[in-house]
Every structure is written in C-alpha cells, then in structure tokens.
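1. What follows is a protein structure lacking sequence information:
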C-alpha cells in the first residue's frame, strides 16, 4: 500500500496517494484539481452517497438528482419548432423561451386548413439523447380554449399534439419539460 505523501507551502497542501481520515474532515478552502480536468471525485465502484451543494455545474455525460434543477444549453428560437398544417396555413410561433429540456412557446393559429389535433415538433438543438427521453407538455394559457396535450419523443425530436381544434387568431401557450 502506498503511503500518502504531503507537500505544503504557505496556504497550499498537495497530497498524492490515499488518505483515510479517522474523523469528520472539514475543508476550509477550495479543492482544485491540477492540471484541469484531471481528477475524479469518487469512482464507478466507490461512490459518494449524497452530494450537498449550493450551485451545480456538471459537464459530460451523467445524471443529477436534485431538489431544484436549472436547465442549461442552447437557447431555443422559433425555428427549432415546426407546426403541422392543422394550426392553419399562416400559423406562427412567438415568445420562445428555454432550452431542449425545459421550454415555453406561444402558438397563434391562423389561415386556412385549421383542423383537430395540430402538432408542434421540437428538434433537439443540443444533440441526440442516448435513448428516447421522457417529456411532459401542457397548455398553460393563451386566448384559446384550454386543451390537453400528448407527447411523443424520439432521441432527436419531441412532438406535442394539442387534443382539440384551434381557432383562428387564438393563442395557445405551451410548455414542456423533459428528462432522460
């Protein structure tokens, strides 16, 4: 078994090898790996049970369980969504907000061809999911009659179906949340 080696200078302590503290240890300063992106915290077979943090920034593949999660990624624009013809020939999308994993849009139905069960399809802008994720959408407002929505997801797209027939000139505010 390798014996831990500690090197120190004013304010710094570098340890190589294994350290097994026998009591609760407290860190009074930052833990910073050197060089950058060179060290892990835990391992596949030796994991931390709980992680208590104020803010989280995790890069790379993996999953996070948290009481509150703020999604990041590429900001969505209207062009990331496609409307089916059932919204009408001149339907539009506005008030776009969010990212692949949490978003909100306003659809205005208009023109000819308005029919039952129109769809909105989001093409994920931050790349394909490893497997098809789970998504939940909802109509949360607008001037149109409140309607239920249905969701169909693949690794690259999310199609939301409005379970009603929109009315020309009415708005439908839709939001969605996806995890995978």
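-> Yep, that arrived. Predicted, not measured: the structure shown is a model, and the values here were computed from it.
2. ranges for the strands of this structure?
-> 5-9, 12-16, 81-83, 92-99, 102-108, 119-123, 134-141, 149-153, 157-162, 171-179 (DSSP state E).
3. Pipe these into a markdown table and attach distance to residue 42 per row.
-> Where you see a C-beta, it was placed from the backbone N, CA and C, and this is true even at glycine. Conversion of the strands of the chain to a markdown table gives the following (distance: least, C-beta to C-beta, whole Å):
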| stretch | distance to residue 42 |
| --- | --- |
| strand 5-9 | 22 |
| strand 12-16 | 16 |
| strand 81-83 | 39 |
| strand 92-99 | 28 |
| strand 102-108 | 28 |
| strand 119-123 | 34 |
| strand 134-141 | 26 |
| strand 149-153 | 31 |
| strand 157-162 | 33 |
| strand 171-179 | 22 |
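4. What separation is there between the residue nearest the centre of the chain and residue 93?
-> By C-alpha atoms, centre = their mean, the mean C-alpha position of the chain lies nearest to residue 101, the distance being 3.3 Å. Between residue 101 and residue 93 the distance is 19 Å, computed by C-beta to C-beta, to the nearest Å.
5. cool, and residue 122?
-> Distance, residue 122 to residue 93, by C-beta to C-beta: 10 Å.
6. more crowded one of these two?
-> residue 122 (23 against 19; other C-beta atoms under 10 Å).
7. residues touching that one, list them.
-> Counting by C-beta atoms under 8 Å, 6 or more residues apart in numbering, residue 122 touches 76, 80-81, 100, 103, 157-160, 176.
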